[in-house]
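Enquirer: predicted model, plus sequence, below.
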Amino acid sequence: MKSFNLPNALTWTRIVMIPLVLAVYFLPEDVLAMHLKNFVACALFVLAAVTDWFDGYLARRLGMTSAFGAFLDPVADKLMVSAALVLLVWLDRCNVLLAFIIIGREITISALREWMAKVGKSRSVAVSFIGKLKTTAQMTAIPLLLVEDSLFGLPIHMIGSVLMCVAAVLTLWSMIYYMRRALTVLQEES
């Protein structure tokens with residue numbers, strides 16, 4: 001069965017790790033102090049993010065790409081980021097508007113990509129450089145906001161907050177970029 005392979009197993013692992021990141025914060029304080037919860041959650045999130053890079057690399061390198069993997073990978077990414085943002089809002093470490101912008105964009109672009117695939121134009125909304133920058137900013141901001149405490153004298157929370165603002169701006173920019181590309185393609189079809 002081509003859809004069950006090592007890259008897809010890593011993607012499933014990433015999905016399973018999402019509730020683990022959340023569960024850390026529900027442990028009693030006498031079991032795990034808050035600063036330790038922050039580091040454990042951050043480590044789990046970073047490990048999940050590394051599996052994202054690794055599953056794509058292995059799929060291409062080993063020739064194990066599949067339609068199921070191409071579907072599951074972005075779903076896992078969006079679940080992971082959305083869950084982390086909701087957690088950060090709940091912990092009062094991320095502005096709710098920034099989280100809404102990022103999650104809203106993910107839903108919108110996912111729907112746009114699905115629609116463009118149905119009309120045979122999925123290549124016109126393929127991942128762009130601006131989308132990769134957005135992902136880099138948010139995947140750096142989230143672990144920093146999970147850690148929150150200053151580290152080596154660096155104001156980790158402030159750096160994470162600034163990067164989250166950058167991610168939100170890039171999110172809007174990339175959404176406009178994809179929407180304009182889709183509109184151009186659809187106008188050409190008319």
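Expert: Happy to help now that I have it.
Enquirer: nearest spatial neighbour of Ser82, skipping sequence neighbours?
Expert: Nearest residue to Ser82, sequence neighbours excluded (C-beta to C-beta, 6 or more residues apart in numbering): Ile103, at 5.1 Å. To be clear about C-beta, it is placed using only N, CA and C from the backbone, and glycine gets the same treatment.
Enquirer: that's a helix at the one you found, yeah?
Expert: Yes. Remark: Ile103 belongs to a helix, assigned using DSSP: H, G, I helix; E, B strand; the rest coil.
Enquirer: shaky segments in this structure?
Expert: Along the chain, segments meeting pLDDT under 70 span 1-3, 124-126, 190.
Enquirer: just give me the longest helix of it.
Expert: For the chain, the longest helix by residue count, based on DSSP state H, is helix 156-189.
Enquirer: other SSEs contacting it?
Expert: In terms of contacts (3 or more C-beta pairs under 8 Å, 6 or more residues apart in numbering; DSSP states H and E), helix 156-189 is packed against helix 96-118, helix 129-147.
Enquirer: Throw those helices into TSV and include mean neighbour count and distance to Val81, thanks.
Expert: Supplementary listing: these in TSV, determined by neighbours: other C-beta atoms under 10 Å; distance: least, C-beta to C-beta, whole Å:
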stretch	mean neighbour count	distance to Val81
helix 96-118	16	7
helix 129-147	20	6
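Enquirer: so which of these gets nearest Ala168?
Expert: Minimum separation from Ala168 across the helices and strands packed on helix 156-189 (C-beta to C-beta) falls at helix 96-118, 4.5 Å.
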